[in-house]
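Peer 1: Kindly generate the corresponding structure for this input.
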Amino acid sequence: MFSQTQSPEERLRNLGVEIAAPRQAVGNYVSCVRTGNLIFTSGQGVDQYHGKLGENLTVEDGYAASRQSMINLLTVLKHELGELSKIKRVVKILGMVNSAPHFTEQPKVMNGASDLLVEVLGEKGKHARSAVGLAQLPNNTAIEIEMIVEVEEE
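Peer 2: Numbering: from 1, shown residues only. Here you go, the predicted structure:
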């Protein structure tokens, strides 16, 4: 249940999520770029789920993987902003799902990320979204998500 009086960090803790250090980049890029009051993140995969949805991973596995990917993205934002309450609005997320050729339930997989955003940010977490299936993702990760967020002016 969403509480206006709690900070996003408190809501995460109530969900059993602790923000740790961001994952290290595996190439020549940065985890996010801020331009004006928008932050564009690099895609975040997961370390816990590997394989293809519809082949050796279920929709439930994918849901959990997308939720973990969003935790990784919130970690990036927390380290960039200092506090998640500076998020004015999640604008858009793009979910790339490592999918078997016949798998068509990418939106159900992405609900893990979307549901978490609304649990943590309330109305500010509601967003536009794309969910696409891809033949392969780096390191055979189950999912990779990137996002665009609007932040409060400084």
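Peer 1: outside of stretch 71-82, which residues touch it?
Peer 2: The list of residues contacting stretch 71-82 from outside it, by CB atoms under 8 Å, 6 or more residues apart in numbering, reads 8-9, 12, 17, 19-23, 31-32, 34, 39, 41-42, 44-46, 84, 87, 116, 120, 145-147, 149, 151. No exception for glycine: its C-beta is placed from N, CA and C like everyone else's.
Peer 1: And it, what's buried?
Peer 2: Within stretch 71-82, the residues that qualify as buried by neighbour count (16 or more other CB atoms under 10 Å) are 71, 72, 73, 74, 75, 76, 77, 78, 80, 81.
Peer 1: What average pLDDT does it get?
Peer 2: The average of the pLDDT scores along stretch 71-82 is 96.
Peer 1: Packing partners of the worst-scoring helix or strand of the chain on mean pLDDT?
Peer 2: Ranking every helix and strand in the chain by mean pLDDT, DSSP states H and E puts helix 8-14 at the bottom, with a mean of 94. Here helix 8-14 touches helix 59-81, helix 106-121, going by 3 or more CB pairs under 8 Å, 6 or more residues apart in numbering; DSSP states H and E.
Peer 1: any chance of these in TSV, with distance to residue 140 too?
Peer 2: Conversion of these to TSV gives the following (distance: least, CB to CB, whole Å):
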stretch	distance to residue 140
helix 59-81	12
helix 106-121	16
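Peer 1: List the buried residues in the least confident helix or strand of the chain.
Peer 2: For helix 8-14, the buried set under the neighbour-count rule, 16+ other CB under 10 Å, comprises 8, 9, 11, 12.
Peer 1: still on that earlier bit, now go through the contacts of stretch 71-82 and say which are in helices.
Peer 2: 8, 9, 12, 116, 120 (DSSP state H).
Peer 1: farthest-separated two in those residues?
Peer 2: The two members of the ones in helices among the contacts of stretch 71-82 with the most space between them (CB to CB) are 9 and 116, at 13.6 Å.
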